[in-house]
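Chemist: Build me a model:
(chains A and B)
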Amino acid sequence: AQSVTQPDIHITVSEGASLELRCNYSYGATPYLFWYVQSPGQGLQLLLKYFSGDTLVQGIKGFEAEFKRSQSSFNLRKPSVHWSDAAEYFCAVGAGVTGGGNKLTFGTGTQLKVEL
Amino acid sequence: KAGVTQTPRYLIKTRGQQVTLSCSPISGHRSVSWYQQTPGQGLQFLFEYFSETQRNKGNFPGRFSGRQFSNSRSEMNVSTLELGDSALYLCASSPPLAGGSTDTQYFGPGTRLTVL
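Modeler: Residues are numbered from 1 along each chain as shown, chains lettered A, B, ... in the order given. The predicted model follows:
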């Protein structure tokens, strides 16, 4: 069974500072990995995804993530945070090409607060 | 292209009643998945429909059911509502992929269900 761990429930950073949100996954085969962001009262917006290939993926809003198979991690980074980045961030894993369809397993989320 | 739409956006029901939620996927998408989001359990997968057939199912009781129509629109139904069913119900759609591989899911804004 697949699982995702986001160790940080809350993170506070100052505007302009760099950001790294941690995500560790557990899955026997090659996973498909996603980062989504959710603003209060809203649905989930896709930031970026990793299916295969280059392990450093670029997303929207200046975010990037790096897939490290040896560490079972897929951490999200941004070099300079903007106040509008305050939201909840979710890491998710899918079964990939093993025929598991579109079932995603989500982490518990990291709430990001940005101080002005 | 219009995004995923969900109706209604807000719903208040009482215990024992039943409820039906609707989801219209992005045009051309044939896979629709449903998720339940609560503060205590986080984001949990309910089920996925592809070409009018349930392809995946999460660990929810039989009170939760769904269906998909020939135009890919989907409905989910919860019978005999319990207080614990209060949640944000999110629908996501994905483009068709052969072999049941995971693809990117695009989420709607959700339906907020409150059970009194």
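Chemist: Which per-residue confidence value corresponds to residue 3?
Modeler: No chain specified, so I'll use chain A. pLDDT for residue A:3: 92.
Chemist: wait, chain B
Modeler: So residue B:3 comes in at 93 (pLDDT).
Chemist: Not counting sequence-adjacent ones, nearest residue to residue B:114?
Modeler: Once flanking residues are discounted, residue B:114 sits nearest to residue B:12: 4.8 Å by C-beta to C-beta, 6 or more residues apart in numbering or on different chains. C-beta here means a position set from N, CA and C on the backbone, and glycine is covered the same way.
Chemist: Now for residue A:80, how many residues are close by?
Modeler: Neighbours of residue A:80 under the rule other C-beta atoms under 10 Å in any protein chain shown: 11.
Chemist: Next to chain A, which bits of chain B? Give me the list.
Modeler: B:4, B:31, B:33, B:35, B:42-45, B:48, B:50, B:55-56, B:58, B:90, B:92, B:94, B:99-110, B:112 (C-beta under 8 Å from any C-beta of the partner chain).
Chemist: circling back: and the residue nearest to residue B:114, what is it in contact with?
Modeler: Residue B:12 makes contact with B:113, B:114, B:116 under the criterion C-beta atoms under 8 Å, 6 or more residues apart in numbering or on different chains.
Chemist: Next up, the contacts around the spatially most central residue of chain B.
Modeler: When C-alpha atoms, centre = their mean is applied to chain B, the residue found nearest the centroid is residue B:34 (2.9 Å). Applying C-beta under 8 Å, 6+ apart, we find residue B:34 in contact with B:23, B:45, B:46, B:47, B:48, B:66, B:74, B:76, B:89, B:90, B:91, B:92.
Chemist: List just the nearest of those residues to residue A:102.
Modeler: Within those, the smallest distance to residue A:102 is 5.3 Å, found for residue B:48 (C-beta to C-beta).
Chemist: The helix or strand containing the closest one pairs with which strands?
Modeler: Assigned by DSSP states H and E, residue B:48 belongs to strand B:42-50. Sheet pairing here is set by DSSP bridges, and for strand B:42-50 it gives strand B:31-38 (antiparallel), strand B:53-57 (antiparallel).
Chemist: Determine which stretch of the ones you listed is the most buried.
Modeler: strand B:31-38 (a mean of 23; mean count of other C-beta atoms under 10 Å in any protein chain shown).
Chemist: To what extent is residue A:30 buried, counted in neighbours?
Modeler: Residue A:30, neighbours per other C-beta under 10 Å, totals 15.
Chemist: Surely it touches residue A:55?
Modeler: No. Under the contact definition of C-beta atoms under 8 Å, residue A:30 does not touch residue A:55, with a separation of 11.7 Å.
Chemist: if I look at the closest residue to chain B within chain A, how far off is residue B:48?
Modeler: For chain A, the residue closest to chain B is residue A:94, as judged by C-beta to the nearest C-beta, at 3.3 Å. Using C-beta to C-beta, to the nearest Å, residue A:94 is found at 11 Å from residue B:48.
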